[in-house]
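Chemist: Please work out how this folds:
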Amino acid sequence: MTTIAERLQAVCARIEAAEAASGRPCAGVRLLAVSKTWPAEAVREAALAGQQAFGENYVQEGVDKAEALRELGLEWHFIGPLQSNKTRAVANAFDWVHSIDRLRIAERLSAQRDVHLPPLNVCIQVNVSGEASKSGVAPDAVAALALDVATLPQLRLRGLMCIPEPTEDLALLRARFALLRSLRDELNARGLGLDTLSMGMSHDIEAAIAEGATIVRVGTAIFGERAKPTSIPSA
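Modeler: Coordinates of the predicted model:
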């Protein structure tokens with residue numbers, strides 16, 4: 001049975017190979033280890049193997065882990081849907097939020113971020129597949145939201161995030177990642193200076209990197225298959 005450290009090493013090798021295959025510089029893609037539903041000790045094991053950035057989907061679970069592992073100096077990313085009544089905890093316990101999809105959430109994060117902390121890094125989530133059940137702003141509404149978010153104090157708009165609809169059609173998958181890249185490029189042409197494309201997960205790292213991902217979010221390939229929960233943790 002492989003360890004978390006061994007699986008982490010294998011994922012890093014996949015990233016390096018995908019960078020080389022795409023003609024991209026080595027170490028240009030950051031790995032975000034998605035640790036949702038895994039205990040703090042699993043995060044500690046990954047951290048001791050060299051991983052520094054971790055992604056959480058559920059607010060209280062993420063806050064609890066960040067506190068339990070404070071001495072490790074880890075970087076915490078919130079990547080799940082965010083409700084208005086949970087923004088204060090996220091604003092002060094996390095370093096990044098990838099899932100901004102409406103201005104009200106961004107305004108609350110900005111207002112509630114401790115002024116003694118560095119600005120909160122944020123990404124706008126884009127619904128690149130047009131799924132009615134999925135969070136994210138429509139592609140044609142990204143520019144207006146981004147321009148508003150970029151003006152908020154205590155936030156630093158870094159880029160865009162997406163979770164495409166699963167598909168075996170590689171060309172379609174790459175087209176959806178390419179859409180996110182083109183939206184980022186359009187915003188940069190308007191002066192926003194975005195440097196982040198948060199896209200790609202365990203099953204599609206290579207396609208995302210080929211289309212310009214700068215952060216890939218990987219959980220299963222590092223921590224293993226998650227047990228099906230008997231109840232869904234509160235967001």
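
Chemist: Quick check: residue 217 vs residue 141, distance?
Modeler: Here residue 217 is placed at a distance of 23 Å from residue 141 (C-beta to C-beta, to the nearest Å). The C-beta positions use only the backbone N, C-alpha and C, and glycine is treated the same way.

Chemist: In terms of neighbours, single out the busier of those two.
Modeler: Legend: neighbour count by other C-beta atoms under 10 Å for residue 217 and residue 141, higher for residue 217 (24 against 15).

Chemist: Next, the contact list for the more buried one, please.
Modeler: 32, 34, 55, 79, 98, 198, 200, 201 (C-beta atoms under 8 Å, 6 or more residues apart in numbering).

Chemist: Strands along this protein, start to end?
Modeler: 30-34, 53-56, 75-78, 96-100, 120-125, 155-161, 196-198, 215-218 (DSSP state E).

Chemist: out of the contacts of residue 217, which are buried?
Modeler: For the contacts of residue 217, a burial check counting by 16 or more other C-beta atoms under 10 Å picks out 32, 34, 55, 79, 98, 198, 200, 201.

Chemist: shouldn't the last one be in contact with residue 219?
Modeler: Think residue 201. Yes. With contacts counted by C-beta atoms under 8 Å, residue 201 reaches residue 219, the gap being 7.3 Å.

Chemist: To residue 189, which of the strands of the chain lies closest?
Modeler: Closest to residue 189 of the strands of the chain is strand 155-161 (C-beta to C-beta; 14.1 Å).

Chemist: what packs against that closest one?
Modeler: Strand 155-161 sits against strand 96-100, helix 103-112, strand 120-125, helix 142-149, helix 170-189, strand 196-198, with contacts defined as 3 or more C-beta pairs under 8 Å, 6 or more residues apart in numbering; DSSP states H and E.
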